[in-house]
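A.B. asks: Predicted model and sequence follow; I will ask about them next.
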Amino acid sequence: MFKVTFFNQSVKRFKGELQKAYARGDLRSVRRLSVLIMIGEMKSMETIRASWDISEPTVYHWLKEFVVAGWKSLVYGKMPGRPARLSKNAKAPVVGLDQSRAGSVRLSDRLLDKCLDPGSDL
């Protein structure tokens with residue numbers, strides 16, 4: 001076991017970045033920054049793990065990443081995933097449907113489901 005200490009300047013920056021992460025709703029950064037702050041405050045591993053429901057290897061991984069890459073390790077990139085099927089312009093009318101059109105959309109979906117159902121009497 002070894003001790004890790006951060007300079008006061010680093011702890012202040014951690015706390016500033018933590019407030020920014022809360023403001024933008026970035027929960028991954030909130031967890032990571034909070035864990036690093038707790039390490040800087042000399043909290044025990046059991047306290048850190050219980051507070052954030054994370055494994056010990058994760059705590060060490062985040063600490064190692066910070067030691068190796070510094071502040072760059074705290075920046076998360078865009079999450080990978082399937083691109084949207086509709087463009088923003090195509091989504092706008094669908095999101096802004098009024099109730100009368102929403103009912104017709106649901107009816108169309110039900111009609112389509114019946115057409116696709118092999119046991120349907122349509």
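C.D. replies: Done, it's in.
A.B. asks: can you list the domain ranges for the protein.
C.D. replies: 8-74, 92-122 (automatic domain parsing).
A.B. asks: was I right about residue 51 contacting residue 38?
C.D. replies: Yes - at 7.0 Å, residue 51 counts as touching residue 38 under the criterion of Cβ atoms under 8 Å. For the C-beta atoms, the positions are set from N, CA and C on the backbone; glycine is no exception.
A.B. asks: okay, these two: which has more neighbours?
C.D. replies: residue 38 (18 against 13; other Cβ atoms under 10 Å).
A.B. asks: Against residue 31, how distant is that one?
C.D. replies: 11 Å (Cβ to Cβ, to the nearest Å).
A.B. asks: Now the phi/psi pair for residue 54, please.
C.D. replies: Dihedral pair for residue 54: phi -130, psi 160, per degrees, to the nearest 10.
A.B. asks: give the contact list for it.
C.D. replies: Counting by Cβ atoms under 8 Å, 6 or more residues apart in numbering, residue 54 makes contact with 31, 35, 48.
A.B. asks: go on, residue 11?
C.D. replies: Contacts of residue 11 by Cβ under 8 Å, 6+ apart are 37, 40, 41.
A.B. asks: Pick the one among the residues you listed closest to residue 14.
C.D. replies: residue 37 (5.0 Å; Cβ to Cβ).
A.B. asks: Which pLDDT value belongs to the closest one?
C.D. replies: pLDDT, residue 37: 91.
A.B. asks: Which residue, other than its chain neighbours, is closest to it?
C.D. replies: Leaving aside its chain neighbours, residue 37 sits nearest to residue 14 (5.0 Å; criterion: Cβ to Cβ, 6 or more residues apart in numbering).
A.B. asks: what do you get for residue 43?
C.D. replies: Leaving aside its sequence neighbours, residue 43 sits nearest to residue 51 (Cβ to Cβ, 6+ apart; 8.0 Å).
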